[in-house]
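1. below are the sequence and a predicted model for it; my questions follow.
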Amino acid sequence: MVDLEKLRTVAKETISRDDVKYLIGWRQGTYGFRVTPCFIEEPGEAEQLIFSPLCTNNLASYLIVTEKLPLPRGEKPDTRKVAVMVKGCDSRAVVQQLIEQGIKREELYIIGCPCEGVLDLKKVEAKFPHILDPVAAQWGKDKIIFQLPEGVVEVPREEVLAQKCLDCRDPNPVIADITLGEEIEAWGNGEYQDVKELEAKSAEERWAFWEDKFSSCIRCYSCRNVCPMCYCKDCILDRLNPSWIYRSTNISENTAFHLSRAFHLAGRCIECGECERVCPVDIPLMKLNQKFSKEVEEKYGYRPGIDPEAKPLQSSYRPDDKEDFIL
Amino acid sequence: MKEIANPYKPEIATIEDTWQETYGDRAIKTFKVVLDDEEIRENWSHRPGQCAMIGILGVGESMISISCSPTEGKFLRFSVMRAGKVTQALHELEPGDKMTVRGPYGNSFPVDDWKGKNILTIGGGIGQAPLRPIIEYVKANRADYKGLSLIYGARTSADLCFKDEFKALDERDDVNYHLSIDIEEEGWEHYVGFVPSLLMEVDPSPENTIAITCGPPVMINFVLQNLKELNFTDEQIYTTLENRMKCGIGKCGRCNVAHLYVCKDGPVFSYATLKSIPEAFA
Amino acid sequence: MERMKIGKEKFGDFLAALDKQLYAPQKVGETLRFVPITPEDKLDLEFSNTTVPPKSVLFPQTETLYRYELGKTDLNLPDDEAEKVLLGVRPCDARAMAIVDDLFSWDYNDPYYQGKREKTTVVGLACSDPEVNCFCTSVGGGPASTEGLDLLLTDLGEVYLLQPLTEKGNNLCREAAEVLEQATEEDAAAAEKLHQEAAGKIVRKVDTEGVTEKLMELWDHSLWQDLSRACLGCGTCTFLCPTCYCFDIQDEAEGLEGRRCRVWDSCMFAEYTLHASGHNPRPTVRERTRNRVNHKYSYFATKFGKIACVGCGRCINLCPVNIDILNILAEVIKEAI
């Protein structure tokens, strides 16, 4: 478990460094169980930082999507590092961004936070509705301990943990300049149980399943925007000339959108589950992404975002690569 | 659905003539179009400064300022810079082709209030297009106005719009004009430098004068500064705002600068109004 | 017309008596939205609120303005709208309709929105169990407010109490007179008590007094940078807002069949204000967040005399990074002189 005192001390030291411009971390949100990403510029602000099972956001997304204004004439760019707090899965996003050369290692100061699994807020808020006062949560042995306004409540972890965390193979950051707390033994086995359940169904049943889910999509693009791997400057979704995908919401365009995104993430998705978490209409996007991850792992033994020295899947041809899927 | 009063339903218009004003990546092409429906064509009226939503079925619509004065005849003129999807497709059109037109939209230059005054236009690049209707309007009602002075510049001489029309002004003694280009060129007889500097060179008197400026945001900002230096009051300065628009009728939301809609409350604003609006020069 | 009531087991008969297209909340995928139903469909009105607000019926996310054949110039407008009934609309969402009405009718009438609005009877359902982020009482509404509604239902356990509010509401009661019975004074009193209890359950509040001016005073304040920095620039808060109405107009074609349609758009998208030249007057999430809040609490209020927010709480509930409009407003109120 990460000690809060230690976390804040490290954060203070980090933000005091001359070569760090700001630190991205988590702090308590505006109500109940919510936590919000925060950008620490001054050592004093480090007191806000927390790390708990409520820290769901993958902060690596901000390394790449933060909009930069053109520099005023004569002003030099600020080349100092961005410090970022990462969980195991988040760190894989950083590694994959490095592999793809979306960011540079020298631009980063990575604070690793070994993680015992974060919560699915939809499950938690359904269990404890109507809570306005800020709630703290911490990991216990096989359980989550909540400090609710009415007192301490313990819940078995499998009841409230995010789906992606139930089968986590990477609880420890795979890259970090400093790691807080003890290393955690991984509990996931990579069996892709969710995907296998869907695969067992007939094509008609699978289509019926996705048709229902995709029909509900409102194309808010929160899944794309939150994704640490979706960072194309010119996304095909925004392109009007030509319009690869129309803005109309219907099953055809919505399906084209989700399948394009899934294909673009093949061999790149680092399984942080942010797309599924942020979806306002609860489309189970990880089932789609995990299907690709499973294929990629089975066919090529490749897991993205593990080894910063690795090549991206699509540019790492090996003579013994399977080709049996080519028609 | 009732045919009448559907502001989204455009008229079909035929392109009568087109010509290339400038060439290159951001080429400008002018279209002279006539509305197909005779009754609507006869009843059409617009005022200098207004815009219309023009488009191509299957491609889309784009808000373009009407670059002719109603005094010129029963046709419309649009000078279009090739930039986005719709304007690229418009550039492919030739005489005889159809386009969709709806409008006219927005307010207009208060040309009636300006009667008896000197009119000074200060344009840059494609910014001359919304100024052209004022110039033509004043020329058509010449006795109602005092002096008419035009300042206009572009990057190079090839980037100037309406070149023939400027040349034709040489024949008149009641309009004076000043042209500029950014970089020295062989054979160029006019000013070399930016439009705001040319304005200082011309040094117009603010006495009973209205200054109207259109062009790239950077140019406008410097022109405004310089007009203030020349002692023009905020009420004597007019400009137009260009924001992305989709509906043209104050519904779709995007063209707002603070609480004002450029498509309804603009595109014409006096500097006195704009000064108090935080987003106006963003 | 007087208050009526109907046993819940007979509600299907009430719907069957109405010769209109019915819309009610149903699950699509995993969440609730308003979709066409038949009187035989199972109706579950035990929800706090729908994820997608009922604006999706009056102002569909995709709406054809007219159709044409590519290469030709005949424009075919859509058919006239059928009479509709929207069932189970929460009072906050009904108030949103009354707000959006002003936008779609000022200066130019919007025939697509108004064509549907005029032919729609809005049947509300008083709110008994507000969610944690509901704040309707701070912005002029309440769990049983009637603005924008034609008929208000209150769930009294075994029966629904029907309170007609307009001529359209009266008409519904007349059409279904056979299955309705007169409500008693006790029923009305029970409903009133439920309404008050529900209002008492609303915990989040904001004082909107003077906020229209305060927002403009704080135009350049650092709070916009601080409170927007985590924003991902997605369309969740705006698409699911019952008062957000921004749209784009796009041409789409399939084979030779073309159409010009309007689709929901969001001021939180970077492309929303992007000029063809590449210039963007709202270049970052800071400017876009400020525009979203200012539009609701200042610009719209300046133009139409009312705040364009009904306190439904969706933008707070569903924001993936906990950008909280009440928190922003609280900061604004604190920072304004």
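-> Structure's in. What do you need?
2. hey, let's count contacts and neighbours off CA atoms from now on
-> Will do.
3. following the chain onward from the helix or strand hosting B:Y152, which element is next?
-> For B:Y152, the host element (DSSP states H and E) is strand B:148-154. Elements were assigned by DSSP H and E; along the chain past strand B:148-154, the next helix or strand is helix B:163-168.
4. show me what the mean pLDDT comes to for that next one.
-> Regarding helix B:163-168, the rounded mean pLDDT is 94.
5. determine the set of other helices and strands touching whatever helix or strand comes next after that helix.
-> As assigned by DSSP H and E, the chain's next helix or strand after helix B:163-168 is strand B:176-181. Judged by 3 or more CA pairs under 8 Å, 6 or more residues apart in numbering or on different chains; DSSP states H and E, strand B:176-181 is in contact with strand B:148-154, strand B:191-192, helix B:195-202.
6. just these: most buried one?
-> Neighbour counts (mean count of other CA atoms under 10 Å in any protein chain shown) averaged over each of these peak at strand B:148-154, with a mean of 24.
7. retrieve the pLDDT associated with residue 52.
-> No chain was given, so I picked chain A. Reported pLDDT for A:S52: 97.
8. switch to chain B, that's the one I care about
-> On the pLDDT scale, B:A52 gets 97.
9. which element is it on?
-> Using DSSP H and E, B:A52 falls in strand B:51-56.
10. briefly note if that strand comes near chain C.
-> No - judged by CA under 8 Å from any CA of the partner chain, strand B:51-56 makes no contact with chain C; its nearest approach is 9.0 Å.
11. who does the helix or strand following that strand pair up with?
-> Where DSSP H and E defines the elements, the next helix or strand beyond strand B:51-56 is strand B:60-65. Note on strand B:60-65: by DSSP bridges, its sheet partners are strand B:51-56 (antiparallel).
12. list of residues touching the strand it pairs with?
-> B:61-66, B:86, B:89-90, B:98-106, B:248 (CA atoms under 8 Å, 6 or more residues apart in numbering or on different chains).
13. are any of the residues you listed buried, and which?
-> When those are checked for burial by 16 or more other CA atoms under 10 Å in any protein chain shown, the buried set is B:61-66, B:86, B:90, B:98-106, B:248.
14. rewinding a little: adding distance to A:V82 and mean pLDDT, write the helices and strands packed on strand B:176-181 out as JSON lines.
-> Output for these, formatted as JSON lines (distance: least, CA to CA, whole Å; pLDDT from 0 to 100):
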{"stretch": "strand B:148-154", "distance to A:V82": "42", "mean pLDDT": "97"}
{"stretch": "strand B:191-192", "distance to A:V82": "46", "mean pLDDT": "96"}
{"stretch": "helix B:195-202", "distance to A:V82": "41", "mean pLDDT": "97"}
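15. for chain A, find the nearest of the ones you listed.
-> Distance to chain A, taken as CA to the nearest CA, is lowest for helix B:195-202 among these, at 19.1 Å.
16. and that closest one, what other elements does it pack with?
-> Helix B:195-202 packs on strand B:118-124, strand B:148-154, strand B:176-181, helix B:217-229, going by 3+ CA pairs under 8 Å, 6+ apart.
17. distance between the ends of stretch A:300-308?
-> One end of stretch A:300-308 sits 17 Å from the other (CA to CA, to the nearest Å).
18. done for today, thanks.
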